[in-house]
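**Student:** The following comprises the amino acid sequence and a computationally predicted model.
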There are 2 protein chains.
Amino acid sequence: MNQQIILVERPEGWVTPEHLKLIETPMPIPGDGEILVRNHWLSLDPYMRSRISAAKSYAQGVEPGQLMVGGTVGEVIESHSDRFKPGDMVLAATGWQLFAAVPAKQALKIEGDDVPPSAYLGVIGMPGITAWTGLMTICEPKAGETVVVDAASGAVGSVVGQLAKSVGCRVVGIAGGPAKCDFVVKELGFDACVDHKDPAFEQLLDDALPKGIDCLFENVGGAIFESLLPRMNVFARIALCGMVSEFNRPPHAHHTLRSILINRIKLQGFIVSDHMQTWPDIRQALRQRVAAGEIKFRESVTVGLENAPAAFVGMLKGENFGKQLVKLID
Amino acid sequence: MNQQIILVERPEGWVTPEHLKLIETPMPIPGDGEILVRNHWLSLDPYMRSRISAAKSYAQGVEPGQLMVGGTVGEVIESHSDRFKPGDMVLAATGWQLFAAVPAKQALKIEGDDVPPSAYLGVIGMPGITAWTGLMTICEPKAGETVVVDAASGAVGSVVGQLAKSVGCRVVGIAGGPAKCDFVVKELGFDACVDHKDPAFEQLLDDALPKGIDCLFENVGGAIFESLLPRMNVFARIALCGMVSEFNRPPHAHHTLRSILINRIKLQGFIVSDHMQTWPDIRQALRQRVAAGEIKFRESVTVGLENAPAAFVGMLKGENFGKQLVKLID
């Protein structure tokens, strides 16, 4: 039997594990041109919250009763395609389940061992490519500029900061708690990190940003974004990647938009799946840097599909530390 | 004697005429390379509110006791420059006063009679060039798209809409009251206009925007902007030119920023004085269209420098109808 996690009902407000349910289903049977994959890794990502929201979002939502969507890495155990053979490792978007039959053309073969397979879901996968795309195409940071990224220890933020350092920027992260901030500075090499849970947050921001902000990679939204906007410099750029703090509650009341006018800021929302044609080159560039040790990454691993709902809820609350994965095999 | 209007104190909240004061000063004496100008027209513009605000803005503020800044058109009555002779009409930024001594290089000679001199302060001046710059460089409208502009009957909005029509867009204006809306549709040729004072504003917006908004030229901010944001289409662009509704009160609480993310919107603030090198070409292009009758304009004329403060306050409340000018000679 296969196991899947399906949506029970669309959450309003905070998601709880009870909004999701583990069910047993028949083993999928691959058709012509398809492969049967046993998943090893499931990726948990903030965008999934939007997919199960009742509110309009940028992609087709998951309906109650349907399989949760998600990226997976697994092993081919049966192939009806000459592009794959049993034993091959593949990246695909098969959702929250142990086994999946996938059209071969929707799977990417994982080759080489310079990076671990799980990295295809994080640092050289959708999150890493998101970081590259927003930073390089919207922020366009130049050496000497100050770049700020929030959710700085996460799958996207950690790559944003390291890329910005490689361009020669001063990089300031924002993260929740001293452990994450320590990691961001000491392991990832950011110049500073501000703990948004610290009561002195505003003062700490001032201290960390003596020259203001030229580029902001915004993952969080809400009160943090509201505090950052007035600190932006003239002609600053903001890549709006996420507003995860506003997922589970009514929209934040933003009072600082005037900074966009008086500082002639460019604020641009983006979704990395709008730019699929650029993924292969970006993945390759990230892979070289990861393999060379120039970009570091951290994973937060939960074991067992049955524990994915709790891990997902925890991630939305910031309880993960690095890229959140679910390991599906022993 | 000369007459000037100076700032008495920086207003907090609404400006009143009492924040400004008429004084008599000695007649200015032009030095070498300067011209003495008798002003005929003073331009009143929303940006002046920022210059007298205590809050940070994008330009040097006017200090209490100082002459109010502003664009003027006047006649040269004495010249110490071989670039001008008495009788020449010039555009310059001499502020709220009857006479001014100006370096010749800071004055632009007004030539030809295909457009009236006052147009240099409006439709072919800073407001018209503002309209062109924001629409063409940030919004980049394409034929068939829907363009929305608020403060649609004003000096900037009226040009935005007519330019967008010339590109082949569906153009929807937003203005205060039926008279302005009638003008925008019947005289300027917009496809529709929504009265933001109408209690059915939201429903009227829906009716006027069956295909959403691709380009928004935002002059007003506040509740209007908040209502428009969720109506933006995927990959829409917003030129943020002003937030005049937020000048005289605490900042509006914006709850609809999520649209920027999910619709991958580009929102960009701009100030036309950042782009001085483009002014001559844009002015020439606007002039040809105005002279050919392709772009229409309307002026709201107050007579007498002593009445400029009340006219300024009225303009900030939307009481003007078209480009607000003060006529300084009989």
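**Tutor:** Great, that's in hand.
**Student:** only C-alpha atoms for contact and neighbour calcs from this point on.
**Tutor:** Noted.
**Student:** Chain B contacts on chain A?
**Tutor:** Applying CA under 8 Å from any CA of the partner chain, we find that chain A lies next to chain B at A:57-58, A:240-243, A:251-256, A:258, A:260-271.
**Student:** pLDDT (mean, whole number) over the helix or strand hosting A:Asp281?
**Tutor:** Secondary structure assignment for A:Asp281, by DSSP states H and E: helix A:279-291. Taken as a whole, helix A:279-291 has a mean pLDDT of 97.
**Student:** what's the spacing between stretch A:204-213 and its chain's center?
**Tutor:** A distance of 26 Å separates the centroid of the chain from that of stretch A:204-213, by CA atoms, centre = their mean, to the nearest Å.
**Student:** no no, stretch A:302-312
**Tutor:** Chain-centre distance of stretch A:302-312: 17 Å, with CA atoms, centre = their mean.
**Student:** now do the same end-to-end measure for it.
**Tutor:** 10 Å (CA to CA, to the nearest Å).
**Student:** Which positions within it qualify as buried?
**Tutor:** Applying a neighbour-count criterion of 16 or more other CA atoms under 10 Å in any protein chain shown, the buried positions in stretch A:302-312 are A:Thr302, A:Gly304, A:Leu305, A:Glu306, A:Ala308, A:Pro309, A:Ala311, A:Phe312.
**Student:** Correct me if wrong: the fifth one contacts A:Leu328.
**Tutor:** No. The criterion here is CA atoms under 8 Å, and A:Ala308 misses it with A:Leu328 at 9.6 Å.
**Student:** Give me the common contacts of those two.
**Tutor:** Counting by CA atoms under 8 Å, 6 or more residues apart in numbering or on different chains, A:Ala308 and A:Leu328 have no common neighbour.
**Student:** just to revisit the earlier point, which secondary structure elements does the helix holding A:Asp281 contact?
**Tutor:** Here helix A:279-291 touches helix A:126-133, going by 3 or more CA pairs under 8 Å, 6 or more residues apart in numbering or on different chains; DSSP states H and E.
**Student:** after the helix it packs on, next one along is what?
**Tutor:** As assigned by DSSP H and E, the chain's next helix or strand after helix A:126-133 is strand A:146-150.
**Student:** tell me the contacts of A:Ile329?
**Tutor:** Applying CA under 8 Å, 6+ apart, we find A:Ile329 in contact with A:Asn39, A:His40, A:Trp41, A:Val303, A:Gly304.
**Student:** Hmm, I typed the wrong one, I wanted A:Val147.
**Tutor:** By CA under 8 Å, 6+ apart, the contact list for A:Val147 reads A:Pro141, A:Gly161, A:Ala164, A:Cys169, A:Arg170, A:Val171, A:Val172, A:Ile213, A:Asp214, A:Cys215, A:Leu216, A:Phe217.
**Student:** how about 10 Å then?
**Tutor:** A:135, A:139, A:141, A:160-161, A:164-165, A:169-173, A:209, A:212-217, A:236-238 (CA atoms under 10 Å, 6 or more residues apart in numbering or on different chains).
**Student:** Inside strands: which ones of these?
**Tutor:** A:Arg170, A:Val171, A:Val172, A:Gly173, A:Ile213, A:Asp214, A:Cys215, A:Leu216, A:Phe217, A:Ala236, A:Arg237, A:Ile238 (DSSP state E).
**Student:** any idea which of those residues is closest to A:Glu78?
**Tutor:** Among the ones in strands among the contacts of A:Val147, A:Phe217 lies closest to A:Glu78 (CA to CA), at 41.8 Å.
**Student:** Surely that closest one touches A:Ala131?
**Tutor:** Yes. Using CA atoms under 10 Å, A:Phe217 is in contact with A:Ala131, at 8.4 Å.
**Student:** Please enumerate the shared neighbours of these two.
**Tutor:** By CA under 10 Å, 6+ apart, A:Phe217 and A:Ala131 have these common neighbours: A:Val156, A:Gly157, A:Val160, A:Gly161, A:Ala239, A:Cys241.
**Student:** How is chain A divided into domains?
**Tutor:** A:2-122+A:298-327, A:126-273 (automatic domain parsing).
**Student:** picking up where we left off before, taking the buried residues of stretch A:302-312 together, which two end up most distant?
**Tutor:** Using CA to CA, the two most remote members of those are A:Gly304 and A:Phe312, lying 12.6 Å apart.
**Student:** what do those two both touch?
**Tutor:** Joint contacts of A:Gly304 and A:Phe312 (CA under 10 Å, 6+ apart) are A:Val326.
**Student:** Farthest pair within the contacts of A:Ile329?
**Tutor:** Using CA to CA, the two most remote members of the contacts of A:Ile329 are A:Asn39 and A:Val303, lying 12.6 Å apart.
**Student:** which residues do those two both contact?
**Tutor:** Taking CA under 10 Å, 6+ apart as the contact rule, A:Asn39 and A:Val303 both touch A:Lys327, A:Leu328, A:Ile329.
**Student:** next helix or strand past the helix-or-strand element of chain A with minimal mean pLDDT?
**Tutor:** For chain A, the helix or strand with the lowest mean confidence is helix A:47-51, at a mean of 92 (criterion: mean pLDDT, DSSP states H and E). Per DSSP H and E, the first helix or strand lying C-terminal to helix A:47-51 is strand A:72-79.
**Student:** what packs against that following strand?
**Tutor:** strand A:34-43, strand A:89-92, strand A:99-103, strand A:108-110, strand A:323-327 (3 or more CA pairs under 10 Å, 6 or more residues apart in numbering or on different chains; DSSP states H and E).
**Student:** one more time with 7 Å
**Tutor:** Where contact means 3 or more CA pairs under 7 Å, 6 or more residues apart in numbering or on different chains; DSSP states H and E, strand A:72-79 is packed against strand A:34-43, strand A:89-92.
**Student:** relative to strand A:34-43, how tilted is that strand?
**Tutor:** With axes from the mean of the first three to the mean of the last three CA atoms, to 10 degrees applied, the angle from strand A:72-79 to strand A:34-43 works out at 160 degrees.
**Student:** Given strand A:72-79, what are its sheet partners and their directions?
**Tutor:** According to DSSP bridges, strand A:72-79 has the following sheet partners: strand A:34-43 (antiparallel), strand A:89-92 (antiparallel).
**Student:** Quick check: mean pLDDT of it?
**Tutor:** Strand A:72-79 shows a mean pLDDT of 98.
**Student:** What angle do strand A:323-327 and it make with each other?
**Tutor:** Following the same axes, to 10 degrees, one obtains 30 degrees for the angle between strand A:72-79 and strand A:323-327.
**Student:** which other residues reach strand A:72-79?
**Tutor:** Residues outside strand A:72-79 that contact it (CA atoms under 7 Å, 6 or more residues apart in numbering or on different chains) are A:34-43, A:85-95, A:117-118.
**Student:** Of the residues you listed, grab the buried ones for PyMOL.
**Tutor:** Buried residues within these, by 16+ other CA under 10 Å, are selected in PyMOL with:
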select buried, chain A and resi 34+35+36+37+38+39+40+41+42+43+88+89+90+91+92+93+94+95+117+118
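**Student:** Grab the nearest non-local neighbour of A:Thr25.
**Tutor:** Nearest residue to A:Thr25 in three dimensions, chain neighbours excluded: A:Asn2, at 5.1 Å (CA to CA, 6 or more residues apart in numbering or on different chains).
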